[in-house]
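Peer 1: sequence unknown, structure follows:
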């Protein structure tokens with residue numbers, strides 16, 4: 001007979017490939033945008049991605065009972081916050097990739113995420129920031145500073161890196177908002193597609209104002225992949241797997257995202273200069289310190 005511990009181990013093992021698969025899919029967003037080389041505005045592509053991907057995800061996951069939980073009084077404000085930061089992430093990240101390339105934009109964004117997530121955890125839940133978190137944060141900040149050094153790479157620029165940092169902070173706020181949303185009775189499996197769809201509607205004016213280039217084969221293929229592959233399938237895998245693994249394991253598996261983007265960026269011909277390459281390495285090292293479990297834990301802890 002299978003013991004409780006064996007059942008938990010099996011359940012966790014089943015969640016690892018799902019979370020890892022989502023991280024790998026999300027790591028292709030920037031490289032896919034670079035590979036497509038579409039002339040369409042990044043904001044318009046992001047709006048189309050969210051509307052189509054959110055609709056498909058909702059059809060696959062949302063049930064009426066789960067949807068009703070999002071109308072609870074304590075849930076609505078956190079859902080609204082999730083919509084706003086999801087829209088901000090899309091606008092900032094796709095524009096950052098357009099300005100500074102897939103590898104640097106993804107590294108800056110997801111090097112920022114655990115730093116901002118720690119600050120959110122401290123503000124919302126009074127969690128103690130561990131020494132590992134502070135060391136990882138210092139490395140991440142140093143890495144971003146090196147990315148901003150003039151001449152750090154052929155495509156690196158101030159606006160692009162700052163937009164990537166804003167995207168990473170937005171994603172951290174989204175992660176932080178899922179906690180109180182769930183504690184107030186909201187169903188996260190319904191909140192994810194509603195957040196994506198709501199963000200798409202919020203950014204819809206950008207699509208209507210600049211629809212040029214969206215009907216080309218390159219733009220259509222890019223939107224299809226971003227909507228169906230990285231949004232619908234990515235969120236589906238993540239929401240199914242994240243409940244089976246611990247927070248530390250999830251953070252560790254998320255390291256695949258910037259690594260996939262960096263490797264694909266190299267294949268696409270992105271060659272960061274020496275200071276940008278060192279900054280990229282520091283960012284990934286800082287991310288590893290914050291994410292990887294160890295003595296005292298990498299992430300925030302309860303005070």
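Peer 2: Everything's here; your move. Predicted model only: the values in this text are computed from it and were never measured.

Peer 1: got a list of what the residue nearest the centre of the chain touches?
Peer 2: With distances taken as CA atoms, centre = their mean, residue 171 lies nearest the centre of the chain, 5.4 Å away. Residue 171 makes contact with 85, 89, 109, 110, 113, according to CB atoms under 8 Å, 6 or more residues apart in numbering. Placement of C-beta: from N, CA and C, glycine included.

Peer 1: in stretch 133-145, what's buried?
Peer 2: 133, 136, 137, 139, 140, 141, 142, 143, 144 (16 or more other CB atoms under 10 Å).

Peer 1: Kindly report the same for stretch 191-203.
Peer 2: 191, 192, 193, 194, 195, 196, 197, 198, 199, 200, 202, 203.

Peer 1: Give me the contacts around that stretch.
Peer 2: Everything outside stretch 191-203 that qualifies as a contact, by CB under 8 Å, 6+ apart, is 43, 46-51, 53-55, 57-58, 61-62, 67, 70, 79, 82-84, 86-87, 90-91, 174, 178, 181, 231, 235, 239.

Peer 1: Which members of these occur in strands, if any?
Peer 2: The members of the contacts of stretch 191-203 all map outside strands under DSSP state E.

Peer 1: helices and strands around the helix or strand containing residue 223, which ones?
Peer 2: Residue 223 belongs to helix 217-224 when assigned by DSSP states H and E. Helices and strands touching helix 217-224, by 3 or more CB pairs under 8 Å, 6 or more residues apart in numbering; DSSP states H and E, are helix 29-36, helix 42-61.

Peer 1: Can you tell me what sits against the shortest one?
Peer 2: This means helix 29-36. 42, 45, 93-94, 97-98, 101-103, 105-106, 218-219, 221-222, 225-226, 230, 261, 264-265, 267-268, 270.

Peer 1: out of these, which are inside helices?
Peer 2: 42, 45, 93-94, 97-98, 102-103, 105-106, 218-219, 221-222, 261, 264-265, 267 (DSSP state H).

Peer 1: of the residues you listed, buried ones?
Peer 2: Buried among these (16+ other CB under 10 Å): 42, 45, 93-94, 97-98, 102-103, 105-106, 219, 222, 261, 264-265.

Peer 1: Out of those residues, flag the one nearest to residue 167.
Peer 2: Proximity of these to residue 167 (CB to CB) peaks at residue 93, which lies at 3.8 Å.

Peer 1: Just list the residues touching that closest one, thanks.
Peer 2: 29, 30, 46, 105, 109, 163, 164, 167.

Peer 1: Which one (most neighbours) among the residues you listed?
Peer 2: Neighbour counts for the contacts of residue 93 peak at residue 105, which has 35 neighbours (criterion: other CB atoms under 10 Å).

Peer 1: Retrieve the pLDDT associated with residue 214.
Peer 2: Residue 214 carries a pLDDT value of 87.

Peer 1: That one: neighbour count?
Peer 2: 19.

Peer 1: what about it, which SS state?
Peer 2: Following DSSP: H, G, I helix; E, B strand; the rest coil, we place residue 214 in the coil state.

Peer 1: so it touches residue 40, yeah?
Peer 2: Yes: taking contacts as CB atoms under 8 Å, residue 214 lies within contact range of residue 40: 5.0 Å.

Peer 1: between the helices and strands packed on helix 217-224, which gets nearest to residue 121?
Peer 2: If we rank the helices and strands packed on helix 217-224 by CB to CB, the stretch that ends up nearest is helix 29-36, at 25.3 Å.

Peer 1: what's the pLDDT at residue 257?
Peer 2: Looking at residue 257, the pLDDT reads 78.

Peer 1: In which helix or strand does it reside?
Peer 2: helix 256-267.
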